[in-house]
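Participant: Sequence and predicted structure below; questions after.
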Amino acid sequence: MEIWILLGSLILILIGAEAFTNALEHLGERLGISEGVTGSIFAAVGTALPEAMVPMVAVLAGSGSLEIRHEVGVGAILGAPLMLSTLTLCLMGIFAANSRGWQQPFRPEPTGLRRDLTWFLMAFTLGSIAIFVPPEWRVVRVTIALVLVLMYMTYLLLTIRASRSLVDQGHGTEADHPLFLSRIHLPENLLTILLQLGFGLGVIIGGAKGFVFGIEHLAAWLGISALALSLLIVPVATELPEKINSIIWVRRGRDTLAFGNITGAMVFQGSLLPALGVMLTPWAPRIEVLLGMGLTLLATLYLLILSRSRSMKPYHFVVNGLCYLAFVFSIIFF
C-alpha cells in the first residue's frame with residue numbers, strides 16, 4: 001500500500017512542479033524582475049515550504065514524546081540543506097548531462113549564485129557553531145537566532161536590490177511556454193497566474209505530505225531511529241519540489257533559475273530554520289548532526305569554488321553526490 005502512496009505522491013509532485021514553474025516564469029516576467037530573484041526568492045521560498053513545515057510542526061505542534069519531536073525537528077532542519085547541497089545538485093548534473101552532455105558547461109548568472117552560496121555558508125556556519133552553546137546560555141542562543149533572522153533579511157534586500165541591473169543586462173525572467181490555465185480559455189492576467197501558482201504549490205505540498213507518510217511507514221518497518229529517519233528519509237520527500245523544479249529548468253537551459261531555486265532554498269533553510277532549532281530544541285552536538293553539518297559545509301564550499309572557475313560542468317557534481325553517499329553509509333553502518 002505504501003508503495004502506491006509513494007508513486008501517487010510522486011506523480012502529484014511532478015504535476016504540481018510543472019504548474020508552479022510555469023506560473024512562476026509568467027509572474028517574474030510580468031513583474032519585470034530578474035531570474036535571480038525569481039529563482040532564489042520566489043521559487044526557493046515557495047518550494048521550501050513543505051520541508052519548512054516538518055520541523056515547525058514537529059517542534060511546535062507535534063504530539064508524542066518531546067525528545068522524539070526534537071529529534072525529528074533537528075533532523076529535518078539539517079537534512080534539508082544537506083540534501084540540497086549534495087544529492088540535489090548531483091541529480092541536476094545527471095539530468096543536465098542527459099540533455100546536453102557531461103562536458104557542456106552550466107551558465108547561471110554568477111553574481112547571484114556566489115551571493116547565495118556566501119550567505120548560506122555564513123549563516124549555516126553560525127548555526128553550526130551554536131550547536132556547541134549549552135542550552136543554559138539562553139541569552140547567547142537567543143542572540144544567535146536573531147542574528148540568523150537578520151542575516152536572511154539582509155540577504156533578501158541585497159538580492160532584490162541587484163535585480164534591476166541584472167534585468168538591464170539581459171537576465172530578466174521570461175516565460176518559455178504559455179500559461180497552462182490560458183489553454184482552458186482563462187485570461188492570462190495576474191489573477192490567473194496567482195491562481196495557477198497556488199494550485200501548483202498546493203499540489204506539491206499535498207504530494208510531499210503523502211510521500212512523507214509512505215516513507216515514514218516503510219522506515220518504521222525497517223526500524224530506523226527518529227533522528228536518522230529525519231536526516232535520511234524526510235528530506236527525500238520534502239526536497240522533491242526543489243529537485244524537480246530545477247531539473248525542469250536545467251533541461252530547458254534556464255540555468256540561473258535552476259541554481260537559484262536550490263541555492264536560494266539553502267539560504268532560507270540555512271538561516272531561518274536553524275534559528276528555530278537554536279531557540280526551541282536542545283541543538284546538541286550528536287555525531288549524526290556534526291557529520292551532516294560538516295558534509296553540507298564541504299559540499300557548499302566546493303560549489304562556491306566551482307562557481308569562481310571558468311566553467312562548471314555536470315560531471316563536477318558527482319563529488320556532491322559522493323558526499324551524500326558518504327553520509328548515508330556513515331549513518332547506516334557506523
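Facilitator: Yes, it's here.
Participant: Low-confidence regions, the chain specifically.
Facilitator: Where the chain drops to pLDDT under 70, the residues are 1-3, 6, 32-69, 162-177, 208-209, 211-230, 233-234, 236-242, 334.
Participant: Find the centremost residue of it, please.
Facilitator: residue 265 (4.0 Å; Cα atoms, centre = their mean).
Participant: Secondary structure element holding the closest residue to residue 263 other than its chain neighbours?
Facilitator: Spatially, and ignoring its direct neighbours in sequence, residue 263 is nearest to residue 116 (3.6 Å; Cβ to Cβ, 6 or more residues apart in numbering). C-beta: built from backbone N, CA, C; applies to glycine. Assigned by DSSP states H and E, residue 116 falls within helix 110-130.
Participant: Show me what secondary structure element comes after that helix.
Facilitator: Per DSSP H and E, the first helix or strand lying C-terminal to helix 110-130 is helix 138-161.
Participant: can you give me the angle that next one makes with helix 110-130?
Facilitator: 180 degrees (axes from the mean of the first three to the mean of the last three Cα atoms, to 10 degrees).
Participant: mind exporting helix 138-161 as CSV, just the C-alpha atoms?
Facilitator: Provided in CSV are the C-alpha atoms of helix 138-161 (Å, rounded to 0.1, in the frame of the first residue of the first chain):
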residue,chain,number,x,y,z
ARG,A,138,19.8,31.3,26.9
VAL,A,139,20.9,34.8,26.1
VAL,A,140,23.6,33.7,23.7
ARG,A,141,21.3,31.3,21.9
VAL,A,142,18.6,33.9,21.5
THR,A,143,21.2,36.4,20.2
ILE,A,144,22.4,33.8,17.6
ALA,A,145,18.9,33.1,16.5
LEU,A,146,18.1,36.8,16.0
VAL,A,147,21.4,37.3,14.0
LEU,A,148,20.4,34.4,11.7
VAL,A,149,17.0,36.0,11.1
LEU,A,150,18.6,39.4,10.4
MET,A,151,21.1,37.7,8.0
TYR,A,152,18.3,36.3,5.9
MET,A,153,16.5,39.7,5.8
THR,A,154,19.7,41.4,4.7
TYR,A,155,20.2,38.7,2.0
LEU,A,156,16.7,39.4,0.7
LEU,A,157,17.4,43.1,0.4
LEU,A,158,20.6,42.6,-1.4
THR,A,159,19.1,40.1,-3.9
ILE,A,160,16.1,42.4,-4.6
ARG,A,161,18.4,45.4,-5.0
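Participant: neighbouring contacts of it?
Facilitator: Outside of helix 138-161, the residues within contact range by Cβ atoms under 8 Å, 6 or more residues apart in numbering are 36-37, 40-41, 112, 115-116, 119, 122-123, 126-127, 129-130, 133, 135, 264, 267-268, 271-272, 274-276, 278-279, 283.
Participant: Swap in 7 Å and give it another go.
Facilitator: 36-37, 40-41, 115, 119, 122-123, 126-127, 130, 133, 267-268, 271-272, 274-275, 278-279 (Cβ atoms under 7 Å, 6 or more residues apart in numbering).
Participant: what's the distance between that helix and the middle of its chain?
Facilitator: Centre-to-centre, helix 138-161 and its host chain are 18 Å apart (Cα atoms, centre = their mean, to the nearest Å).
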